[in-house]
Structure formats: structure tokens, C-alpha cells
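S.K.: I need the structure of the sequence given here:
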Amino acid sequence: MRVLLLALAALLACARLGGARGDDEEREVRVAGEPLSAEQQARLVDHARAGGLLWWRLPGAGGYRCEPWRLVPDPGDPERGRLLLITSPVPGDSPSVPAPADPADAAEQPVPEDSQTEPRATAPRSSVSEDISRLTALAWPVFPPAPANSPASAPEPAPAPSDMSLGSPTIQLGYRLAEGHLTLTAPEHELPVAAPPGTQKAVGRALTCVFTGIALSGPAGGARRLILAARERFFFSEEACAAAGFADDPPGLDELRTVGCAGALADPATRARLEHPPPRDAPDAAARLHRVRNLHHLRRGPDGALVCDVWRNRPERIAGHGRLEHRGRDERGRFVRTYAYDVGPGYLTLQGPAEFRRIELDGQRTDVVRASSCLVTRGVIRVDAAAIDLGGERWYLSRSACDAARLAGAPAPAGPVPLLVPGCE
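M.R.: The predicted structure is shown next:
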């Protein structure tokens with residue numbers, strides 16, 4: 001199962017629609033979501049040429065919020081470019097381009113949301129192109145780390161400075177319109193730093209890019225199925241974003257469901273950690289996590305009983321990075337769930353989850369891997385010999401410490417999928 005995991009990491013990290021088929025392997029790539037209509041595609045290209053905004057609908061503490069991003073098209077290719085977060089006040093006369101009067105036919109048929117049922121209509125086969133360059137200066141390995149005896153991962157990037165008086169940070173995503181879908185890749189963060197008079201300097205950081213999706217192994221000699229989720233919601237106008245209904249509703253003409261790794265920038269605490277790094281003397285769990293073999297997570301099960309789940313800790317050679325792995329069983333059988341982590345002074349950031357199962361599908365034994373692009377940051381409040389305190393949640397460093405907390409009825413989060421907020425799963 002680990003080999004399949006690493007294969008999925010490469011696929012979901014570098015997947016791009018519309019590429020040429022490789023010589024060594026055939027892959028069937030689908031998107032679990034409606035493609036953009038021809039009207040929407042033409043409108044998006046015109047909107048980008050006019051320097052228009054797209055509004056990202058994001059969950060927040062007080063409900064959903066709408067965030068403006070500027071489309072900056074590539075001069076040589078109007079169907080690709082960059083999305084830049086707008087941090088200054090948005091002008092009231094931002095361009096709004098109507099849909100063309102005579103659109104072409106739609107690009108392709110929709111794919112059902114449930115990837116493990118028979119499709120209503122068969123999507124055309126394409127393949128995953130792996131020609132997107134591997135991200136440099138990763139915040140931590142793409143997803144999840146290789147086994148301990150594999151080559152060492154990329155070195156940790158230089159920490160971002162805490163002096164915010166030097167300028168505003170820049171957050172951006174790459175975008176591409178391909179086969180009826182808007183694909184977002186390459187999340188990046190850039191922070192100005194001190195430089196000699198008359199010059200400018202910034203520290204850039206490329207964030208983890210893993211596509212949210214599902215990979216299914218096929219029968220021997222058959223194509224590998226890769227189903228990418230179209231989950232993030234962008235809109236042509238702030239009004240359409242604010243008035244949007246539930247995510248399960250069919251998207252309207254002003255709504256764009258995107259494919260890719262935008263989830264890396266969805267968590268406010270992750271952005272805050274990049275833009276305002278905690279002080280270097282804040283509690284740091286890196287040394288503890290580098291030495292401990294297992295972590296124990298106290299949660300409340302569906303029946304209300306407190307349970308101590310054991311998570312195998314697989315630290316990397318460089319302290320501060322690693323992977324947590326939990327093996328369990330539920331009504332669907334055995335599973336393995338993992339998170340990659342990055343930990344430092346005052347913070348712990350998780351990437352995931354990824355889940356691995358072996359099931360019977362259409363009479364075939366099939367390995368199913370579900371991966372998520374989310375990054376979620378928790379504040380580290382205190383580190384002691386017994387636990388890591390994340391502010392309302394504690395990770396215990398021994399089974400005895402977790403059992404003592406369980407018997408004492410300590411507060412614990414509820415739900416079958418621990419460690420991550422529901423909006424990011």
C-alpha cells in the first residue's frame with residue numbers, strides 16, 4: 001500500500017489535464033464535478049483579459065467570507081496565468097464581462113460526484129502529464145514522506161521574517177483552463193525583507209501542492225483511474241459569492257468549481273503563521289516529535305465514550321517534519337490514515353488527510369487512496385513531558401498519559417476523523 005501511496009503523491013501533486021499520454025502507463029483522469037460551460041469558459045478568458053476579479057468563498061469563524069483574487073493572464077496564452085490575492089481595498093468599478101452571445105458547444109460530459117459508482121456518462125480518457133516542475137523550497141515534503149530508508153528530503157526553507165513594516169506579503173496561485181475545468185496549482189507566498197536602500201528583497205515560499213482526489217488501481221494491464229475533486233468555489237462577482245447556496249447545489253452561471261491545490265491557502269491560521277510568524281521563543285514541539293515513537297490522541301467516539309487512538313510518528317531526518325500514521329477499522333473495513341506535519345516555534349501545521357483502503361469493486365480487489373490538499377495550522381501552547389497542548393486539544397506522548405486523561409474525563413473532540421477541521425476534509 002505504501003508504494004501506491006507514493007505513486008499517488010506524484011500523480012496528485014503534478015496532475016494536469018490535457019497532457020500527452022506517457023509511454024509507460026495509461027491513466028484515466030476524470031473530474032468529479034461539472035465542467036464549465038462554453039459560455040463560462042469564454043467569459044473567464046475575457047474577464048482575465050480585462051483584469052477582472054474572482055471571488056473565493058471561504059469558511060470563517062463567523063460564517064462564509066468572500067475574498068477577491070485578481071486574474072493576471074499569461075501574455076502568450078489567455079487560458080493560463082496567475083491568481084493574486086488582493087489585500088488592498090477593492091475598487092468599486094472592477095470589470096465585469098458578460099457572457100458571449102454565440103458560445104461554442106460544451107467541452108465534455110459531467111462526471112458523477114460519487115467516484116465509486118457507475119458513471120452516468122463516460123468521460124473521455126485523458127492522461128496525467130507530469131511536466132509541471134517539482135516545487136522548490138517546499139514548506140515540507142510534497143506528500144507524505146517516503147519511508148525512513150529513502151533519500152533525505154529537500155532542506156527546510158529559511159524562516160519568514162517577523163518584521164511586517166517592510167511591505168505587504170503576496171499570495172498567488174497558478175491557473176490554467178483545460179478540458180473545461182479551471183485548474184489551480186503552485187500556491188506561493190512571498191514576504192518582503194530588509195534590503196539595502198534603493199533595492200527590494202523578498203523571501204518566497206512554495207507551499208505543498210497536492211490535488212484533492214481519489215486514485216483507484218485497476219486490473220492488471222488496465223488504466224489507473226484518477227478522480228480529481230472540483231471543490232473550491234470561485235465567483236465572477238462578490239454579490240454572487242455572498243448569495244451562494246450550499247456547496248452540494250448545482251453551480252450557477254457565476255460560479256466556478258476549481259480543480260487543484262487551492263486548499264493549501266484556505267486555512268486562515270496557516271496564512272497568519274506565514275505572514276506573522278510566532279516569536280522564536282514560543283513553545284516548540286519539534287524536538288519532542290523528533291524523538292517520540294507514537295502519539296496518542298484522545299477523542300470522543302459516536303457512542304460518547306472516550307477513546308485513545310495511537311498514531312505512529314515517522315519523523316524525518318531534519319527535526320520539524322514528518323508524518324503521522326493511524327491504522328484502524330470501521331464499518332467499511334481496515335484503513336490507514338496519514339497526515340504530513342511541519343512544526344516549529346508556536347505552531348504545528350498538518351497536511352492531509354490521506355486515507356488508504358483495499359476494497360472489492362466490480363469483483364476486483366482495488367486499492368483506493370483518498371488525498372486532500374488542505375493545510376491546517378494549530379497553535380502550540382505548551383510542551384511538557386506528558387503532552388503537546390494545541391489550545392483545547394492535547395496530543396499525549398505516552399499511552400499511560402492518554403489513559404490517565406481518559407479516566408479523568410478530560411475534554412476531547414468528537415468525530416471519527418480527528419485532528420482536522422470538517423471544512424477541510
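S.K.: ranges for the strands of the stretch 101-250 of the chain?
M.R.: Assigned by DSSP state E, counting those that start in this stretch, the strands in the stretch 101-250 of the chain fall at 170-178, 181-193, 201-206, 213-216, 224-235.
S.K.: what would the ones you listed look like in CSV with mean neighbour count, mean pLDDT and distance to Val380?
M.R.: C-beta coordinates here come from the backbone N, C-alpha and C atoms, glycine included. Listed next are those as CSV, based on neighbours: other CB atoms under 10 Å; pLDDT from 0 to 100; distance: least, CB to CB, whole Å:
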stretch, mean neighbour count, mean pLDDT, distance to Val380
strand 170-178, 21, 94, 23
strand 181-193, 21, 91, 21
strand 201-206, 16, 85, 20
strand 213-216, 23, 91, 31
strand 224-235, 22, 90, 28
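S.K.: residue ranges with poor pLDDT in the stretch 201-350 of the chain?
M.R.: 218-223 (pLDDT under 70).
S.K.: Counting neighbours, what do you get for the closest residue to Gln351 other than its chain neighbours?
M.R.: Of all residues not flanking Gln351 in the chain, Ala340 sits nearest, at 4.3 Å (CB to CB, 6 or more residues apart in numbering). Neighbourhood size, Ala340 [other CB atoms under 10 Å]: 27.
S.K.: mind listing what's buried in the helix or strand containing Ala340?
M.R.: Using DSSP states H and E, Ala340 sits in strand 333-344. Judged by neighbour count using 16 or more other CB atoms under 10 Å, the buried positions of strand 333-344 are 335-344.
S.K.: Packing partners of that strand?
M.R.: In terms of contacts (3 or more CB pairs under 8 Å, 6 or more residues apart in numbering; DSSP states H and E), strand 333-344 is packed against helix 286-291, strand 321-330, strand 347-361.
S.K.: Next one: Val369 from Pro251, what distance?
M.R.: 27 Å (CB to CB, to the nearest Å).
S.K.: and what of Glu232?
M.R.: 12 Å.
S.K.: what lines up beside the strand holding Ala340 in the sheet?
M.R.: strand 321-330 (antiparallel), strand 347-361 (antiparallel) (DSSP bridges).
S.K.: mind exporting the last one as PDB, just the C-alpha atoms?
M.R.: Output for strand 347-361, consisting of C-alpha atoms alone and laid out as PDB, is shown next (Å, rounded to 0.1, in the frame of the first residue of the first chain):
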ATOM      1  CA  TYR A 347       2.800  26.300  15.500                       C
ATOM      2  CA  LEU A 348       2.000  22.800  14.100                       C
ATOM      3  CA  THR A 349       0.700  22.600  10.500                       C
ATOM      4  CA  LEU A 350      -0.900  19.400   9.200                       C
ATOM      5  CA  GLN A 351      -1.300  18.500   5.500                       C
ATOM      6  CA  GLY A 352      -4.000  15.900   4.700                       C
ATOM      7  CA  PRO A 353      -5.600  13.700   5.500                       C
ATOM      8  CA  ALA A 354      -4.800  10.800   3.200                       C
ATOM      9  CA  GLU A 355      -6.700   7.600   3.600                       C
ATOM     10  CA  PHE A 356      -5.900   4.100   2.100                       C
ATOM     11  CA  ARG A 357      -8.300   1.200   1.800                       C
ATOM     12  CA  ARG A 358      -8.400  -2.100   0.000                       C
ATOM     13  CA  ILE A 359     -11.900  -2.900  -1.200                       C
ATOM     14  CA  GLU A 360     -13.900  -5.200  -3.600                       C
ATOM     15  CA  LEU A 361     -15.100  -3.100  -6.500                       C
END
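S.K.: re the thing from before, any residues in contact with both of Glu232 and Pro251?
M.R.: Arg257 (CB atoms under 8 Å, 6 or more residues apart in numbering).
S.K.: quick one: secondary structure of the most centrally placed residue in the chain?
M.R.: What sits nearest the mean C-alpha location of the chain, by CA atoms, centre = their mean, is Ser373, with 1.7 Å. What DSSP: H, G, I helix; E, B strand; the rest coil gives for Ser373 is coil.
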